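Participant: give me coordinates for this.
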Amino acid sequence: MRRRSLVFLAMSWAAAAAVAQPGPLVAPMPEAVVVVADRVFDGRGEVAEGRAVVVRDGRIERLVAAAELASDPSLGGLRRIELPGSSLLPGLIDTHVHIGWSFGLDGRTMTADGPESPEQRALLAAENAARTLRAGVTTVQSLGEELDLELRDAIARGTLPGPRILTSAGAIVDPGLEPAQLRLAVRGFQQRGADVIKVFASASIRVGGTPTLSQEQLDAICGEASAAGLRSVVHAHSPESARRVAEAGCTAVEHGALLDRPTLELLAERGVYYDPNIDLVLRNYFENEERFLGVGSYTAEGFAQMRAAVPRALETFRAALEVDGLKTVFGTDALAGAHGRNVEELVYRIREGGQPVLEAITSATALAAESLGLGDEIGTVAPGYVADLIAVAGDPREEPEALLAVRFVMARGAVVRRD
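Facilitator: Next comes the predicted model:
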């Protein structure tokens, strides 16, 4: 049913697009273009004023001084995209979303046994993807469901507009499985085409975040993932669960709202990425409480736990900024109601968390790309990198909210938004 639903979706989009244009909906520009903005943030902490970016065949060919555009004969005939008053950045990367999670036909959060047909679920996921891309997020890691696989592939083909998707296609949740069974589960996800292994090593913050997997179990999962050439990212709120993650050699800790300084230092020592989700996911829950309340662990007590976690999560984030060598990446846990609002989390980290602007941008570009194993492909404005570019109105160093004012998006060399 999953494959049929997305094939149906792809055919519907393709049929509509055929009237207007042949070929993929999202494809590189047929000729080289020069994108000109007031300044370029390279994604690694450097800013160059008065630069232009030459894009050819979906990749960045070179950067040139804007003042040289008129005098360089090799640039004279190229099409220009002028973005005065703007800052150009690498496309943003959100390392933790649930791209298929939406509000259903009844207006409440969708469940596995809800009334939505596979086709309706696929359309809602495609809407989430398009909304996310327009907001300037050109790559996401969806720690979601099997539906993500076909959506990922459709976007990669250019059939649908959306961010590049890496997906776990599900998660390892059952604490009753033996190590041998957990290794088989990892191989099963690999065979289904997952890009990463998602693991739950602690309970939800709504029920205290206590550890749920032993050291032996995590050793088996992350060891098998590494042997299979896959990264492993682990939901772990408590210090003990995160310590087990680090000892097991897993790739990243997700959430970690309750972590203490020694645990954060251990993550840094072991090179484990830290992906805190401290604002958007919680605020979205509170704004849409009536749409979640009564489903699973979404109880009044659970919401009280989440409200209590807000200042603790912010305190943990501030502590993480003080830990030398800790690789804190950008992730939002965007789910129903939050898709397309991803950058609000980044602004919160700057305004409330005290993260320097350039460091925050790096966490959502070059460092996030590195955490996904794509550090040589995306996340940086430099020759040879994929042309994922966004422009925002103004200078984020002066006004962090400028990051919300996206006016231009180029994904894989194709212009998908220009205001």
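
Participant: so where's the stretch 151-300 of the chain shaky on pLDDT?
Facilitator: In the predicted model, the stretch 151-300 of the chain carries no residue with pLDDT under 70.

Participant: change it to 90
Facilitator: The stretch 151-300 of the chain contains residues with pLDDT under 90 at 159, 205-209, 296-297.

Participant: now do the strands in it.
Facilitator: Here the stretch 151-300 of the chain has its strands, by DSSP state E, counting those that start in this stretch, at 164-167, 196-200, 231-236, 252-255, 273-275.

Participant: got the angle for the third one vs strand 196-200?
Facilitator: So that's strand 231-236. Orientation check (axes from the mean of the first three to the mean of the last three Cα atoms, to 10 degrees): strand 231-236 against strand 196-200 gives 20 degrees.

Participant: can you show me the CA trace of strand 231-236 as PDB?
Facilitator: Taking only C-alpha atoms (Å, rounded to 0.1, in the frame of the first residue of the first chain), the coordinates of strand 231-236 have been written out as PDB:
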ATOM      1  CA  ARG A 231      25.200   5.900  11.500                       C
ATOM      2  CA  SER A 232      23.200   5.400  14.800                       C
ATOM      3  CA  VAL A 233      21.300   8.200  16.500                       C
ATOM      4  CA  VAL A 234      19.800   7.600  19.900                       C
ATOM      5  CA  HIS A 235      16.800   9.100  21.800                       C
ATOM      6  CA  ALA A 236      18.300   9.600  25.200                       C
END
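
Participant: and it, how far out from the chain's middle?
Facilitator: Mean C-alpha position of strand 231-236 versus that of the full chain (Cα atoms, centre = their mean, to the nearest Å) differs by 14 Å.

Participant: kindly report the same for stretch 54-74.
Facilitator: Relative to its parent chain, stretch 54-74 has a centroid offset of 29 Å by Cα atoms, centre = their mean.

Participant: how close does the closest residue in space to residue 365 that isn't next to it in sequence get to residue 380?
Facilitator: Closest residue in space to residue 365, ignoring its immediate chain neighbours: residue 43 at 3.5 Å, by Cβ to Cβ, 6 or more residues apart in numbering. Every residue, glycine included, has its C-beta placed from N, CA and C. Shown here: residue 43 relative to residue 380, a distance of 4 Å by Cβ to Cβ, to the nearest Å.

Participant: what sits in contact with each of the two?
Facilitator: When contacts are counted by Cβ atoms under 8 Å, 6 or more residues apart in numbering, residue 43 and residue 380 have 90, 365, 366, 369 as shared neighbours.

Participant: hmm, residue 92 and the residue nearest to residue 365 touching each other?
Facilitator: No - with the criterion set as Cβ atoms under 8 Å, residue 43 and residue 92 do not qualify as a contacting pair; they are 9.5 Å apart.

Participant: can you name the residues bridging to residue 62?
Facilitator: Bridge pairing for residue 62 (DSSP bridges) gives the partners residue 54.

Participant: that one and residue 385 touch, don't they?
Facilitator: No - under the criterion of Cβ under 8 Å, residue 62 is not in contact with residue 385, lying 11.2 Å apart.

Participant: who has more neighbours, these two?
Facilitator: Taking residue 62 and residue 385 together and counting by other Cβ atoms under 10 Å, residue 385 has the greater number of neighbours (22 against 15).

Participant: name all residues that make contact with that one.
Facilitator: For residue 385, the contacting residues are 59, 60, 90, 377, 378, 379, by Cβ under 8 Å, 6+ apart.
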